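build me a model from this:
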Amino acid sequence: MNISVIVTVYNAEKTIEKTIRALVAQTYSEFEVLMVDNGSTDRSSQICLEYQKKDKRFRYIYVEQKGVSNARNMGLSCAKGKYICFCDADDVPKENMLQVLLQDIETSQSDCVMCNYYTERDNCNSVFPFKSDKSLGVEEIREKLIPAMFTCSLEVPVVWGTVWRCIFKNSLIRDIRLKFDSKLTFAEDLCFVIEYLSNANKVYLENKVLYYYSLTDGSAMLSFNQYKPYLFKERVWLIQKISMLLNNIKVYQYMKSDVETIFQEYILECIGNATVKSENRSLIESFKDVKNIVSNECVVHVFSKIYTQDKRHRIVFKMIQLKMSVLLTLYYSIRRG
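Residues are numbered from 1 along each chain as shown. Sure, this is the predicted structure:
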């Protein structure tokens, strides 16, 4: 078996069939699909089981709902392929995606191939910092490719270090004992990709658009209107983990402003989350959460320098620096109406 495609599924009855059909239609046929159901409560399981009966390349695996990282890790532990690909249950790989990625990784003798993709919500392609197909060695991976994942504003729905645009060597994943971080529900694939690339000797960039990414309103990238009690703790861990990964390959210092700008956006998101209106949460509870955020040692460090030129943001950032919890709570509450 040459390729294992891991598809994580959670309540995807409206989209999973479209994804499976796209995999069935691949021009390359020597692959297996591991459909890992992350505790779905809709008809997702029935749909997956139907395709398992029709096509022996498709295998259904059920796990308790413990997040996408846990589901992907289960897929990795069951994968038999020489190479690993990932696919989300609401996305569509182009019919020649597996064929092109396999040919690229074997012809270029690379550890990873990253392709271009199309974002359905915004009708636009993702753009590489490189304008054509290109092979990168260790130095360029660390000094150009990994830093390029931190140059986009979080306000722009462009996904930087995603696993579904890649083909990976299963042997390298196992050699470095790489897993998705189960503490993360956001940017877990970014951390996976950074750690993998940090151990890669060669990466090939395929400029063809081979994947259609659907950014839906229920996506983790867009769902910020519901209070999430775990969010701040998770974002602090994410900041610490990314810092550690970049320090390990000695690139953090020269990309510090880009990285810390993104970290600052993470914290703004947390303050916004803390002030989400809810029947079960009072303004005092919001204030306590905001106070806890601005007093955190990690946040104090992240906001030790302000990078943004936006006047409104600079005022908010100054309030964070001065730990003005009451004003921040009122400001965000008023903005939400």
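
residues contacting residue 165?
114, 115, 116, 117, 126, 210, 211 (CB atoms under 8 Å, 6 or more residues apart in numbering). Any C-beta I mention is one placed from the backbone N, CA and C, and that applies to glycine too.

on the three-state scheme, the last one is what?
In this case it means residue 211. strand (DSSP: H, G, I helix; E, B strand; the rest coil).

neighbours around the spatially closest residue to it that is not a sequence neighbour, how many?
Nearest residue to residue 211, sequence neighbours excluded (CB to CB, 6 or more residues apart in numbering): residue 117, at 4.0 Å. By the measure other CB atoms under 10 Å, the count of residues near residue 117 is 23.

rewinding a little: from the contacts of residue 165, which single one is nearest residue 163?
residue 114 (9.9 Å; CB to CB).

I figured residue 333 hits residue 283, correct?
Yes: if you go by CB atoms under 8 Å, residue 333 and residue 283 touch, sitting 6.6 Å apart.

neighbour count winner among those two?
For residue 333 versus residue 283, the count of surrounding residues by other CB under 10 Å is larger for residue 333: 16 against 13.

pLDDT value on that one, please?
Model confidence at residue 333, given as pLDDT, is 87.

list the contacts for it?
So residue 333 contacts 275, 277, 283, 286 (CB under 8 Å, 6+ apart).

and the residue nearest to residue 211, which of the three is it?
strand.

so how far is residue 202 from it?
Going from residue 117 to residue 202 by CB to CB, to the nearest Å gives 21 Å.

how about residue 56, secondary structure?
Looking at residue 56 with three-state DSSP, the answer is coil.

next: residue 205.
On the basis of three-state DSSP, residue 205 is classed as strand.

so what's it closest to, chain neighbours aside?
Excluding the flanking residues, the one nearest residue 205 by CB to CB, 6+ apart is residue 134, at 4.8 Å.

equivalent analysis for residue 166, please.
In space, and not counting its chain neighbours, residue 166 is closest to residue 114: 5.2 Å by CB to CB, 6+ apart.

tell me if I am right that the one you found is in a strand.
Yes: according to three-state DSSP, residue 114 belongs to a strand.

next up, the contacts around it.
128, 165, 166, 203, 204, 205, 206.

wait, isn't the third one in contact with residue 112?
Yes: taking CB under 8 Å as the definition, residue 166 is a contact partner of residue 112 at 5.7 Å.
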